[in-house]
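In: Compute the structure for the input listed below.
(one chain, ligands or ions: 1)
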Amino acid sequence: MTFIATFEAVVHAGGRVVVVDVDEDDACLDPARAAAAVGPNTRFLLPVHLYGQMADMRALGSLAAKHDLTIIEDACQAHGAARDGLGAGGAGAAAAFSFYPSKNLGAMGDAGALVLDDEDAAATARALREHGQTSTYHSDQVGMTSRLDTLQALVLLRKLPLLERWNAERAQAASFYAEALQGVGDLRLPARVAGARHVWHVYQVRTREPEALGAYLAGRGIGTKRHYPEPPHLSSAFAGLGHPAGSFPVAETIASETLSLPLFPGITEGQLAAVVDAVVDFFARG
Ligand SMILES: Cc1ncc(COP(=O)(O)O)c(C=O)c1O
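Out: Okay, the predicted model is just below:
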């Protein structure tokens, strides 16, 4: 259960995607299922900290240690998240952060960062992002153009000190929804994972009628989105993996039920209450 970019990254790195279903509660890579999927050629684990909720990195760390695997975190939705004393981006050998404008820390265009805890790997990454150059016009390997634009860096530097406050505002909004939407219709609200700091990139609810609820809210001037109605293994792009519908039932159920409600730093109580009222009205109309 992720944005398709996670799968693409594996392919672009020359790897083979081995798909593993997610956990019912946190919607992140399920450590038990991951353990069952490890084979003789497995080299990496690629957990996604989905919606701002960190995967169970303690369990995944033990699994990685047991099989000598390298963990690369997809922390693209999890700036500032933590779980069991580990921070997103600090729990694996490497992590990717996206600064796409809608992210908790967003640039004004495309941008991202790679976090590494190894100097040699960092030097390789720095070279790869700039055509493999280790010094001007000298390249040891085939790289790419993947520099962080200076203008975007300036925007990010100004926004970075605000991240904690914005994450706190997101958490406040999530608490408002959690209280006000408890027991409304067939809604299933995001699980609170003990020992976790969720940063609420997305406030995702589940219902058997996500499309109808989304359309109803749109009629009241309230925007929603679905993250993600098509899990990557069911996309045409990854049909070659050979996973028909039914292969990963937890992810597929989430995909069929998911709806994300408005949540952003600065959202007012009035706006949150308007969303709640509209959701309540939707389920009350029978
Ligand atoms: C989970 C996840 N992984 C990867 C990406 C890719 O990030 P970008 O679009 O900045 O390349 C995104 C967001 O776009 C994402 O949400």
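In: which residues touch the residue nearest in space to the middle of the chain?
Out: Centroid-nearest residue in the chain, with Cα atoms, centre = their mean: Leu50, separated by 3.2 Å. Leu50 makes contact with Met1, Thr2, Val22, Asp26, Ala27, Cys28, Gln77, according to Cβ atoms under 8 Å, 6 or more residues apart in numbering. C-betas here are computed from N, CA, C, even on glycine.
In: Now those residues in JSON lines, please, with extra columns for distance to the ligand, secondary structure and pLDDT.
Out: Formatted as JSON lines, those follow (distance: Cβ to the nearest ligand atom, whole Å; DSSP: H, G, I helix; E, B strand; the rest coil; pLDDT from 0 to 100):
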{"residue": "Met1", "distance to the ligand": "10", "secondary structure": "coil", "pLDDT": "96"}
{"residue": "Thr2", "distance to the ligand": "5", "secondary structure": "coil", "pLDDT": "98"}
{"residue": "Val22", "distance to the ligand": "12", "secondary structure": "strand", "pLDDT": "98"}
{"residue": "Asp26", "distance to the ligand": "14", "secondary structure": "coil", "pLDDT": "96"}
{"residue": "Ala27", "distance to the ligand": "11", "secondary structure": "coil", "pLDDT": "97"}
{"residue": "Cys28", "distance to the ligand": "11", "secondary structure": "coil", "pLDDT": "98"}
{"residue": "Gln77", "distance to the ligand": "5", "secondary structure": "coil", "pLDDT": "98"}
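In: Tell me if I'm right that Lys103 and Gln77 touch.
Out: Yes. The pair Lys103 / Gln77 is scored as a contact, 6.9 Å apart, by Cβ atoms under 8 Å.
In: residues shared between the contacts of these two?
Out: Joint contacts of Lys103 and Gln77 (Cβ under 8 Å, 6+ apart) are His201.
In: higher neighbour count, those two?
Out: Taking other Cβ atoms under 10 Å, Lys103 and Gln77 do not tie; Gln77 has more neighbours (26 against 18).
In: which helices and strands does the lengthiest helix in the chain pack with?
Out: Using DSSP state H to define each element, the chain has its longest helix at helix 163-180. Contact analysis of helix 163-180 by 3 or more Cβ pairs under 8 Å, 6 or more residues apart in numbering; DSSP states H and E lists strand 203-206, helix 269-284 as its packing neighbours.
In: Any chance you could list what contacts the first one?
Out: In other words, strand 203-206. In contact with strand 203-206 (Cβ under 8 Å, 6+ apart) are residues 27, 51, 173-174, 177, 181, 187-190, 227, 254, 257-263.
In: List, one by one, the residues from this protein near the ligand.
Out: Contacts of the chain with the ligand, taken as Cβ under 6 Å from any ligand atom, map to Thr2, Phe3, Ala5, Thr6, Val48, Asp74, Cys76, Gln77, Ser98, Tyr100, Asp110, Gly112.
In: Serialize those residues to a markdown table and add fields for secondary structure.
Out: Output for these, formatted as a markdown table (DSSP: H, G, I helix; E, B strand; the rest coil):
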| residue | secondary structure |
| --- | --- |
| Thr2 | coil |
| Phe3 | coil |
| Ala5 | helix |
| Thr6 | helix |
| Val48 | strand |
| Asp74 | strand |
| Cys76 | coil |
| Gln77 | coil |
| Ser98 | strand |
| Tyr100 | coil |
| Asp110 | coil |
| Gly112 | strand |
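In: circling back: state the pair within the contacts of Leu50 that is farthest apart.
Out: Val22 and Gln77 (13.8 Å; Cβ to Cβ).
In: This protein: helices as residue ranges?
Out: 5-12, 31-37, 57-67, 119-128, 150-159, 163-180, 210-219, 249-257, 269-284.
In: Tell me the helices and strands packed up against the second one.
Out: Put plainly, it is helix 31-37. Using 3+ Cβ pairs under 8 Å, 6+ apart: helix 31-37 touches helix 57-67.
In: With respect to burial, which of the helices and strands packed on helix 163-180 scores highest?
Out: strand 203-206 (a mean of 23; mean count of other Cβ atoms under 10 Å).
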